[in-house]
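Visitor: sequence plus the predicted model coming up.
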Amino acid sequence: MNAREIALNALYKIEIGEGYSNITLDKEFKKSKLSKADKALVSQIVYGVLTWKITLDEIIKRYSSIRLKKISPWIINILRMGIYQICYLDKIPESAAVNESVNLAKKYGHPASVKFTNAILRKISKNEENNLLEYIKEKGYSNEQIISVMTSHPLWIVHKLIEEYGEDFALDLLNANNKTPDVTIRVNTIKTTRKELLKLFELKKIEACEGNLPDSIIVKKLDVFDEQLYIVQDEAAQLACLKLDPQLNEMVLDCCSSPGGKTSYLAMLMKNTGKIDAWDIHEHRVELVKKLMNTLGILNVKASVNDATEYKSHLRERYDRVLLDVPCSGIGVIRKKPDIKWTRKEEDLNELLETQKKILENGAFYLRSGGTLVYSTCTVFKEENELQIASFLDTHKDFKLIEEIKLFPNIDKTDGFYIAKLQKE
């Protein structure tokens, strides 16, 4: 299979729910013998289609006499890929995008769908986005619907962000979600230093510079050469660990640890002393934590299967510090995981809020008097963040809020993130 066919297969599997984009792509790459350039093209097409799916579908709807639901998943993804290449990728000639898409339709469709694919793609121009904007305005779309289509975010997310932050800020945030960020890594300080790693990058001709935090590095393009020396981790996640500020020889609990990025940073900050209990609800995810600790040379972490929503009376006031990076809607990491826009539903929020509340209650119980607790999420919705903490503080007078931080991709150039640092008096 060539690059575009692999991209099509990945999109199809993501569409029918076989896996997340990053996991699906990894599996497809392992089965193929693609060059680095072709892998880059596959990733660009897959993430591009997932990012702009609503916009691409509106363009298809404009020119199609067949309802989208009636078009096969194979053909709809071939059309999305073709339109994405024409409208968003300057280096690919329109003729190549059309011809390759038609060839895919011949293999994954029938003669009528081949003609259908060719007919639609021949109508698409480079400035199709501008044409679409005029078209939907004429059709009488509401302002929120227009924003939804042109930023390719579900209407419920658009509505909620406008309601909480106002239209100007929400639009700025939605646009930031569609931009590919630079790669941020964190140095494995057990094995090296930031200065030494930057020298290695320079020798490897990898463009990199110091980040905003003590152990972070911003990389333009990263070809993996030694995973023992660093871990890919956004500065927002690093900051949550720095705010917990674990000390040497302390007892620390990371309630929701997988895949282990924050756990590993806590261990490094503690210089491999003390003990960190790292929990996750799934055995296979606990194994990911163990594998990462082994790779990075971390010795003070005990990873185990535990459900953080279940109360454990024997752990009362056991820990000096507790990190609660709770399950959330993930709206803050859309720019890295665009499939969140399509897998997350508004009705998921109530269950998430209840889960967060249980984990927060239990984590507070496990913290010793005078200890520090950090609650964090990778979302920007207020009910999962400051409103959740305000509700907790109303019923837990033995806790006080030390610091509250909100980060946004459009302002801070990080993931959308919330950090609340609490102290048990």
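Guide: Good, I have the coordinates. Residues are numbered from 1 along each chain as shown.
Visitor: who is the residue lying closest to Asp245 once chain neighbours are set aside paired with across the strands?
Guide: Here the nearest residue to Asp245 in space, its sequence neighbours aside, is Thr372; by Cβ to Cβ, 6 or more residues apart in numbering that works out to 6.9 Å. (C-beta placed from N, C-alpha, C; glycine too.) For Thr372, the beta-bridge partners under DSSP bridges are Arg321, Gln423.
Visitor: I'd say Thr372 and Glu403 touch.
Guide: No: between Thr372 and Glu403 there is no contact under Cβ atoms under 8 Å: 10.3 Å.
Visitor: which parts of the helix or strand bottoming out on mean pLDDT in the chain are buried?
Guide: The weakest-scoring helix or strand in the chain, judged by mean pLDDT, DSSP states H and E, is helix 21-31 (a mean of 90). Buried residues in helix 21-31, counted by 16 or more other Cβ atoms under 10 Å: Ser21, Thr24, Leu25, Glu28, Phe29.
Visitor: look up how far Ile60 lies from the first one.
Guide: Spelled out, that is Ser21. 21 Å (Cβ to Cβ, to the nearest Å).
Visitor: and the last one, by the same measure?
Guide: Phe29 is 28 Å from Ile60, where distance means Cβ to Cβ.
Visitor: before we move on, back to that, looking at Thr372 and Glu403, which one has more neighbours?
Guide: Set side by side, Thr372 and Glu403 show more neighbours around Thr372, with 23 against 11, by other Cβ atoms under 10 Å.
Visitor: measure how buried the closest residue to Glu207 other than its chain neighbours is and give me the count.
Guide: Distance criterion Cβ to Cβ, 6+ apart; nearest residue to Glu207, sequence neighbours excluded, is Lys220 at 4.1 Å. By the criterion of other Cβ under 10 Å, Lys220 has 10 neighbours.
Visitor: quick one: pLDDT of Lys220?
Guide: Lys220 is assigned a predicted lDDT (pLDDT) of 86.
Visitor: try Gly17
Guide: 80.
Visitor: returning to that earlier point: now list whatever residues contact both of Thr372 and Glu403.
Guide: By Cβ atoms under 8 Å, 6 or more residues apart in numbering, Thr372 and Glu403 have these common neighbours: Lys421.
Visitor: which one of the buried residues of helix 21-31 is nearest to Pro409?
Guide: Nearest to Pro409 out of those is Ser21 (Cβ to Cβ; 18.0 Å).
Visitor: where along the stretch 1-150 of the chain do the helices fall?
Guide: For the stretch 1-150 of the chain, the helices defined by DSSP state H, counting those that start in this stretch occupy 3-15, 21-31, 36-51, 53-63, 73-88, 94-108, 111-121, 128-138, 143-151.
Visitor: quick check: Pro338 vs His159, distance?
Guide: 19 Å.
Visitor: next one: Tyr418
Guide: From Tyr418 to His159 the distance is 20 Å (Cβ to Cβ).
Visitor: on the strand side of things, show who Ala278 bridges to.
Guide: Note on Ala278: beta-bridge partners Asp254, Ala303, judged by DSSP bridges.
Visitor: quick one, grab the pLDDT at it.
Guide: In this model, Ala278 carries a pLDDT of 98.
Visitor: Phe225 now?
Guide: What the model reports for Phe225 is a pLDDT of 68.
Visitor: find the pair from the buried residues of helix 21-31 with maximum spatial separation.
Guide: Largest separation among the buried residues of helix 21-31 by Cβ to Cβ: Ser21 and Phe29, giving 12.3 Å.
Visitor: burial count for Lys13?
Guide: Neighbours of Lys13 (other Cβ under 10 Å): 17.
Visitor: helices or strands up against the least confident helix or strand of the chain?
Guide: Here helix 21-31 touches helix 3-15, helix 36-51, going by 3 or more Cβ pairs under 8 Å, 6 or more residues apart in numbering; DSSP states H and E.
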